[in-house]
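Chemist: Structure for this input, please:
(4 chains)
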Protein chains: 2
Amino acid sequence: MKSMPPTETGPAPGDAVQGSGAAPKPRVRDRILDTARNLFYRYGLRAVGVEAIASEAGTNKMSFYRCFDSKDELIAEYLREQGQDYWAWWDGAIAPHAGDARRQIEALFDNYMRLTCKDGSRGCSFGNAVVELPEGDHPGRRVIETHKAEMRSRLRVLSAEAGASDPEALGDTLMLLMEGGYLSRLSFQSQGPLTVAGKAVRTLLDAHIPVPSADAVPPGRAARRRGTAPAG
Amino acid sequence: MKSMPPTETGPAPGDAVQGSGAAPKPRVRDRILDTARNLFYRYGLRAVGVEAIASEAGTNKMSFYRCFDSKDELIAEYLREQGQDYWAWWDGAIAPHAGDARRQIEALFDNYMRLTCKDGSRGCSFGNAVVELPEGDHPGRRVIETHKAEMRSRLRVLSAEAGASDPEALGDTLMLLMEGGYLSRLSFQSQGPLTVAGKAVRTLLDAHIPVPSADAVPPGRAARRRGTAPAG
DNA sequence: ACTGTGTGTTACCGGTCAGTAACTTTTCGC
DNA sequence: GCGAAAAGTTACTGACCGGTAACACACAGT
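Modeler: Below you'll find the model as predicted:
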């Protein structure tokens, strides 16, 4: 039940130290937040203490408490930052296919799979955090619930735009798939069930999006449908 | 970041106390393990201390350490117990439809949805635990990984028995669905995306299980396929 | 009665936790 | 250069953590 590898004091090789025209050392608050994001994501919320965060950020607990009211507030802030990055990633993943919602969903999941299978991935910051925050009144919970609700909403909207006959059902199913991939990533290495997410999404899209009537499209196209059907 | 509601010392009303021919008070070890299962599941592994477990079980830390080598060992034992119950539940859910793998899968998921939507559910003990145990050498991790691998395997076998053309893909997709439901249960109340799992499973079964050729079955049956297609 | 086993009790260990006080030093805008 | 703001330093509080020592008791089988 140990928590973390021992921290090294002093500036790490990769740190932004002043000198020879390099970028100025970022403000304490930013360094702390950055460090907290790494540590919280890697080791969990309860496993990482504020002292460890502060010293890993090259500062101390006192400076920490000048920037943040409490550890719980830092956790909430950590989650907000993660959220911002998450939606930036999301928008970037679907941007190349604007106007084609089906392709956007596929691209989103392809991107998601690649990212989540990578070494060092620990799944979803929000999903992991909510496991450690069962108390209903923790400031981080609002952030998490908002984030997940937004995810659900976006997937439903994309499903509707893709022409799904039951966009709520398709959106929610996609959400289950995503969440499942995030969670299963923790128990399996990169060869877990997550590897089929791409195929699964295409199967679901095929099943939920009605094919155009046969006399409205050139023959042969409607029959094989679109995307990759489940082999067989 | 508080951990648990205050514990009450002394025997709780529901406890099995000796008297008037009632069953004898269970042995300490069993009481501790029972309490640990409740507390760990509800509040998480790190949030619950051994002292809290012992006193909630009506004993003390010393007796605790006579039964268990360490908290980490208790965690592993907790997970083993959860595993036994889990497979008993699983077998019970699919037993009524022995011989019809498709119905078994449907029954499994229906049962799973009902259970996981219930008040007080906190998703999957194993999924939650693995979030809190990033260290690769924790005795609990073996239990978790074995459990999840078994789950994956069983879903693949059921998929094969159901006649799926790509049973590995179907099994893994079902696994993602299940894991996703467990995880999303923590961020949503009972009205989360989990509610569509039943429909999603039937859609996937329809898509993965080839329909018998038209001249082998009475007309009208093959056309509408089986189960509940996505509305529309 | 005697003894062994299981259990309860109290006090303690070293370590870590979140959070604070008081003071010094560095940095930056002007 | 000056003053203010930001950051570093040391020492501390009170609570809790996992884990242990030493001892008292209660009840079983013989």
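Chemist: Show residues contacting stretch A:86-103.
Modeler: A:104-105, A:107-108, A:111-112, A:115, A:125, A:147, A:150, A:154, A:158-163, A:205, A:209, A:226-227 (C-beta atoms under 8 Å, 6 or more residues apart in numbering or on different chains). For every residue, glycine as well, the C-beta is placed using N, CA and C.
Chemist: which of those residues are buried?
Modeler: Buried members of the contacts of stretch A:86-103, scored by 16 or more other C-beta atoms under 10 Å in any protein chain shown, are A:104-105, A:107-108, A:112, A:125, A:147, A:154, A:158-159, A:162, A:205, A:209, A:227.
Chemist: what's the closest non-adjacent residue to residue A:63?
Modeler: residue A:28 (5.2 Å; C-beta to C-beta, 6 or more residues apart in numbering or on different chains).
Chemist: hang on, that neighbour packs against residue A:57?
Modeler: Yes: counting by C-beta atoms under 8 Å, residue A:57 is a contact partner of residue A:28 at 7.4 Å.
Chemist: out of those two, which sits in the busier spot?
Modeler: residue A:57 (24 against 17; other C-beta atoms under 10 Å in any protein chain shown).
Chemist: I figured that one hits residue A:37, correct?
Modeler: No: at 10.7 Å, residue A:57 does not count as touching residue A:37 under the criterion of C-beta under 8 Å.
Chemist: Find the centremost residue of chain A, please.
Modeler: The centroid of chain A falls nearest to residue A:124 when counting by C-alpha atoms, centre = their mean (4.9 Å).
Chemist: List the contacts of it.
Modeler: A:179, A:182, A:183, B:183.
Chemist: now, which of the contacts of stretch A:86-103 lie within helices?
Modeler: Of the positions in those, A:104-105, A:107-108, A:111-112, A:115, A:125, A:147, A:150, A:154, A:158-161, A:205 sit in helices, assigned by DSSP state H.
Chemist: which one among those residues gets closest to residue B:199?
Modeler: residue A:159 (13.4 Å; C-beta to C-beta).
Chemist: what's the pLDDT at that closest one?
Modeler: Predicted confidence (pLDDT) for residue A:159: 98.
Chemist: what do you get for residue A:212?
Modeler: For residue A:212, the model assigns a pLDDT of 75.
Chemist: Give me the neighbour count for residue A:41.
Modeler: 21.
Chemist: packing partners for the host helix or strand of it?
Modeler: Residue A:41 is part of helix A:28-43 when elements are defined by DSSP states H and E. In this structure, helix A:28-43 packs against helix A:50-56, helix A:61-67, helix A:71-94, helix A:125-132, with contacts taken as 3 or more C-beta pairs under 8 Å, 6 or more residues apart in numbering or on different chains; DSSP states H and E.
Chemist: can you list the residues of chain A near DNA strand D?
Modeler: Within chain A, the positions lying close to DNA strand D (C-beta under 7 Å from any atom of the strand) are A:1, A:27, A:28, A:29, A:58, A:59, A:60, A:61, A:62, A:63, A:66, A:67.
Chemist: which one of those residues sits closest to residue B:141?
Modeler: Of these, the one sitting nearest to residue B:141 (C-beta to C-beta) turns out to be residue A:1, at 11.9 Å.
Chemist: Make sure that closest one is actually in contact with residue B:140.
Modeler: No: if you go by C-beta under 8 Å, residue A:1 and residue B:140 don't touch, sitting 9.5 Å apart.
Chemist: Can you pull the domain assignment for chain A?
Modeler: Domain assignment for chain A by automatic domain parsing gives A:26-68, A:72-213.
Chemist: closest one to residue B:132 among these?
Modeler: Relative to residue B:132, the nearest member of those by C-beta to C-beta is domain A:26-68, separated by 5.8 Å.
Chemist: of all the domains of chain A, which lies closest to residue B:81?
Modeler: So among those, domain A:72-213 is nearest, using C-beta to C-beta, at 18.3 Å.
Chemist: can that closest one be found next to DNA strand C?
Modeler: Yes: against DNA strand C, domain A:72-213 shows contacts by C-beta under 7 Å from any atom of the strand at residue A:72.
Chemist: Let me know the pLDDT of the residue nearest to residue A:63.
Modeler: 90.
Chemist: now the one 4 residues further on
Modeler: pLDDT, the model's per-residue confidence, is 96 for residue A:32.
Chemist: and what of residue A:231?
Modeler: Per the predicted model, pLDDT is 51 at residue A:231.
Chemist: Nearest to chain B among the ones in helices among the contacts of stretch A:86-103?
Modeler: residue A:147 (8.1 Å; C-beta to the nearest C-beta).
Chemist: Hmm, the closest one is touching residue A:125, no?
Modeler: No: using C-beta under 8 Å, residue A:147 is not in contact with residue A:125; the gap is 9.1 Å.
Chemist: any shared contact partners between the two?
Modeler: Both residue A:147 and residue A:125 are in contact with A:79, A:86, where contact means C-beta under 8 Å, 6+ apart.
Chemist: Check whether stretch A:161-174 comes close enough to chain B to count as a contact.
Modeler: Yes: shown here: stretch A:161-174 in contact with chain B (C-beta under 8 Å from any C-beta of the partner chain) through A:164, A:165, A:166, A:168, A:169, A:170, A:171, A:172, A:173.
Chemist: Just the ones in helices from those residues, please.
Modeler: Per DSSP H, the subset of those in helices is A:168, A:169, A:170, A:171, A:172, A:173.
Chemist: out of those, what pair is the most spread apart?
Modeler: Every pair of these checked by C-beta to C-beta; the farthest is A:168 and A:173, at 9.6 Å.
Chemist: Compare the two and say which one has the larger neighbour count.
Modeler: Per other C-beta under 10 Å, whichever of residue A:168 and residue A:173 has more neighbours is residue A:173, with 30 against 16.
Chemist: What confidence value was assigned to the closest residue to the more buried one other than its chain neighbours?
Modeler: Excluding the flanking residues, the one nearest residue A:173 by C-beta to C-beta, 6+ apart is residue B:200, at 4.2 Å. pLDDT recorded at residue B:200 is 98.
Chemist: Okay, angle between the helix or strand containing residue B:200 and helix A:197-208 too, please.
Modeler: Taking DSSP H and E as the definition, residue B:200 sits inside helix B:197-208. With axes from the mean of the first three to the mean of the last three C-alpha atoms, to 10 degrees applied, the angle from helix B:197-208 to helix A:197-208 works out at 90 degrees.
Chemist: Would you indicate which residues of helix B:197-208 are buried?
Modeler: Those would be B:197, B:198, B:199, B:200, B:201, B:202, B:203, B:204, B:205, B:206, B:207, B:208, for helix B:197-208 by 16+ other C-beta under 10 Å.
Chemist: again with stretch A:64-77
Modeler: Applying 16+ other C-beta under 10 Å to stretch A:64-77 flags A:64, A:67, A:68, A:71, A:72, A:74, A:75, A:76, A:77 as buried.
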